[in-house]
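Peer 1: Sequence first, predicted model second:
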Amino acid sequence: MSGRLDGRGAIVTGAGRGIGLAIAQRLKAEGARVAALDMDEAAARASGADLGLACDVSNSADLARCVKAAREAFGRLDIAVANAGTGRAEGDGSDEFYGAMAARNAELAEQGSSAIFVDQLIHMGDEGWAGVLGVNLNGTFYLAREFTRVLAVDGNPGSFIAISSTSAFSGEGSAHYCASKAAVVGLVRQLARELAPRGIRANAVAPGPTNTPIMAGIPDEWIKSMEASVPLGRMARPEEIAAAVAFLASDDASFVTGSVLTANGGSYMV
Ligand code: NAP
């Protein structure tokens, strides 16, 4: 690896597995010292990062504590990646949705037609909505704020990267997930303008379907139809999303801010 990130300090949330793990490993391979944050402390520690910390990104005090710890451990921070995300929360109607889908598919297979409605919205409670927004949107905002607070004191430039999704643009997925991922794009565009005078760049990466544990539980036939809709014919590997993040983190992207970099095999063109 080129050492593009030699000497930099980086934080990656949701780095215990999936895309976040691949990002943490890629940033480290390019020379950064990396703090991996995850709900699962053992997974964060096992990531191979320099620092593995338990953190719930939806809790601003918890996140602030971890950002401070990373700054203290590395002496500086240059890169923050808001990757932690979820598509489900308690009380969000997912169980009703998947139940209705299974019943509808069974009827279709048996009798060729079904009158069962498959929707989630009417079952989505306030708590379920807030649970997904709390991780995907609030967690991204909290990280951007704590990262900027550190850089405002230290005076160095930096790169903030949020993981959005093509769902932000395509509307494919549940209401809370799509709304949160679209909001992340709006947030990043605002941050790019506000933080430019400090030399802080802010960008989003929008993956399409990527082969990670978040896909567990999605019925096989959906996965197959998802893959069929991708011009490159497959899901992404987490490492392919990490490569896009590493570019935005590096000086190769020194004039890139406020952008959304899609990494989706052509499945949705923004
Ligand atoms: P994943 O396999 O489910 O991994 C997500 C990681 O985030 C897990 O380690 C999880 O830890 C952690 N996490 C969840 N809630 C957290 C919280 N409140 N605080 C801290 N960590 C938390 O997901 P992924 O597929 O790698 O997705 C990573 C990001 O890419 C997400 O933002 C996702 O929305 C986005 N994305 C994924 C895809 C895809 O197809 N995979 C497509 C587009 C965008 P625990 O398991 O311990 O909770």
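Peer 2: Thanks, I have the structure now.

Peer 1: What residues does the stretch 151-270 of the chain have near the ligand?
Peer 2: Within the stretch 151-270 of the chain, the positions lying close to the ligand (C-beta under 6 Å from any ligand atom) are 163, 165, 207, 209, 210, 212, 213, 214, 215. In short, each C-beta sits where N, CA and C put it, glycine included.

Peer 1: For the second one, which three-state class applies?
Peer 2: In this case it means residue 165. Secondary structure, DSSP: H, G, I helix; E, B strand; the rest coil: residue 165 is coil.

Peer 1: what about it, how many neighbours?
Peer 2: 29 (other C-beta atoms under 10 Å).

Peer 1: Does it touch residue 179 like I think?
Peer 2: No: Residue 165 lies out of contact with residue 179 (C-beta atoms under 8 Å); the separation is 11.2 Å.

Peer 1: From residue 139, how far off is the residue in the stretch 51-200 of the chain that the ligand sits nearest to?
Peer 2: Going by C-beta to the nearest ligand atom, the ligand is nearest to residue 85 of the stretch 51-200 of the chain, at 2.1 Å. With the distance defined as C-beta to C-beta, to the nearest Å, residue 85 ends up 8 Å from residue 139.

Peer 1: what about these two, which has more around it?
Peer 2: Each of residue 85 and residue 139 has its neighbours counted (other C-beta under 10 Å); residue 139 has more, 29 against 26.

Peer 1: Determine the three-state secondary structure at the nearest residue to that one once chain neighbours are set aside.
Peer 2: In this structure, residue 139 finds its nearest non-sequential neighbour in residue 57, 3.1 Å apart by C-beta to C-beta, 6 or more residues apart in numbering. Secondary structure of residue 57, reduced to three states by three-state DSSP: coil.
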